[in-house]
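Enquirer: Task: produce atomic coordinates for the following.
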Amino acid sequence: MSAPRPQRPKKKPEPEENIPVPPENNIDIRQMMGKWYLLNLASKCSHLMKHGHNTEATTMTLGMTTYGDAQKLSVKTTTRQNHQCWEIHQIYDLTENSGYFNIKGNNPKESDIKVTILDTDYTSYAILLYEKQRRKTRLSTLKLYTRSVAKLHEPTLLKFETAAATKNMGLAFTFPFPTYSHCNTVDNDHIINCIPTC
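Expert: Numbers count the residues shown, from 1 in each chain. Next comes the predicted model:
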């Protein structure tokens, strides 16, 4: 009878790298409140690479709310899906850094999403960075929001494209969003409540 073959020790999963906290950007979050229009997005997401030509008019409305005993950033996103208006309710955790927020993962094993306001003048544009760590891969998405869809100034677009380039996302990874047909009202049956998570 042959001796049992030695078993190889199971390989331990590699620890996830932490997303570094950005330097303080002195963002006045109170001036960020209100409605923003999503005009451009940069991402290497496979879904967007396949369907990015089908983007829908999207808005984001920011406010402050209390959840439990803590102040949170309230985020309401409206968009269309199959010609139907939908609204998604979320909360972002505040941090000591005024322009840096945290979106909790759906479960303890899922990484949180880190949100950074990279640049804004409060009255016309804001560039936001969303980052999520998966083992040694960092997924980054940049979004360009404006207060109005009337006109996107070339210097603002250049700032967005420059920020995207720092994440190795050139024009092939940018997706413009419509400047028309935004949802003004959403009925209660089409509100998705992602508080605290979704």
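
Enquirer: In terms of helices and strands, where is the most centrally placed residue in the chain?
Expert: Centrality entry for the chain: nearest residue to the mean C-alpha point is Y130, 4.2 Å, by C-alpha atoms, centre = their mean. Element membership of Y130, judged by DSSP states H and E, is strand 125-134.

Enquirer: Going by neighbour count, list what's buried in that strand.
Expert: Y125, A126, I127, L128, L129, Y130, E131, K132, Q133 (16 or more other C-beta atoms under 10 Å). C-beta here means a position set from N, CA and C on the backbone, and glycine is covered the same way.

Enquirer: Next, the angle from the longest helix anywhere in the chain to strand 125-134.
Expert: Longest helix in the chain by number of residues (criterion: DSSP state H): helix 154-165. Note on geometry: by axes from the mean of the first three to the mean of the last three C-alpha atoms, to 10 degrees, helix 154-165 and strand 125-134 are set 10 degrees apart in direction.

Enquirer: Let me know the pLDDT of the closest residue to G99 other than its chain neighbours.
Expert: Excluding the flanking residues, the one nearest G99 by C-beta to C-beta, 6 or more residues apart in numbering is I27, at 3.4 Å. The score at I27 is 95. That number is its pLDDT.

Enquirer: OK, contacts around I27?
Expert: Taking C-beta atoms under 8 Å, 6 or more residues apart in numbering, we find I27 in contact with S98, G99, I117, T120.

Enquirer: try 10 Å
Expert: Going by C-beta atoms under 10 Å, 6 or more residues apart in numbering, I27 touches N97, S98, G99, Y100, T116, I117, L118, D119, T120, Y122, A126.

Enquirer: Then H153?
Expert: S124, Y125, T146, K159.

Enquirer: which one of those is nearest Y180?
Expert: Of all the contacts of H153, Y180 sits closest to T146, with 13.8 Å by C-beta to C-beta.

Enquirer: The closest one and T59: what is the separation?
Expert: 10 Å (C-beta to C-beta, to the nearest Å).

Enquirer: what's the span of stretch 174-183 from first residue to last?
Expert: Its first and final residues considered, stretch 174-183 spans 23 Å by C-alpha to C-alpha, to the nearest Å.

Enquirer: actually stretch 183-194, not the one I wrote
Expert: Length of stretch 183-194, first residue to last, C-alpha to C-alpha: 19 Å.

Enquirer: I'd like the next helix or strand past the helix or strand bottoming out on mean pLDDT in the chain.
Expert: The weakest-scoring helix or strand in the chain, judged by mean pLDDT, DSSP states H and E, is helix 46-51 (a mean of 81). Later in the chain than helix 46-51, the nearest helix or strand by DSSP H and E is strand 59-67.

Enquirer: Tell me the helices and strands packed up against that following strand.
Expert: strand 34-43, strand 70-81, strand 84-94, strand 125-134, strand 137-146 (3 or more C-beta pairs under 10 Å, 6 or more residues apart in numbering; DSSP states H and E).

Enquirer: For Q71, give its distance to M60.
Expert: When Q71 is compared with M60 (using C-beta to C-beta), they lie 19 Å apart.
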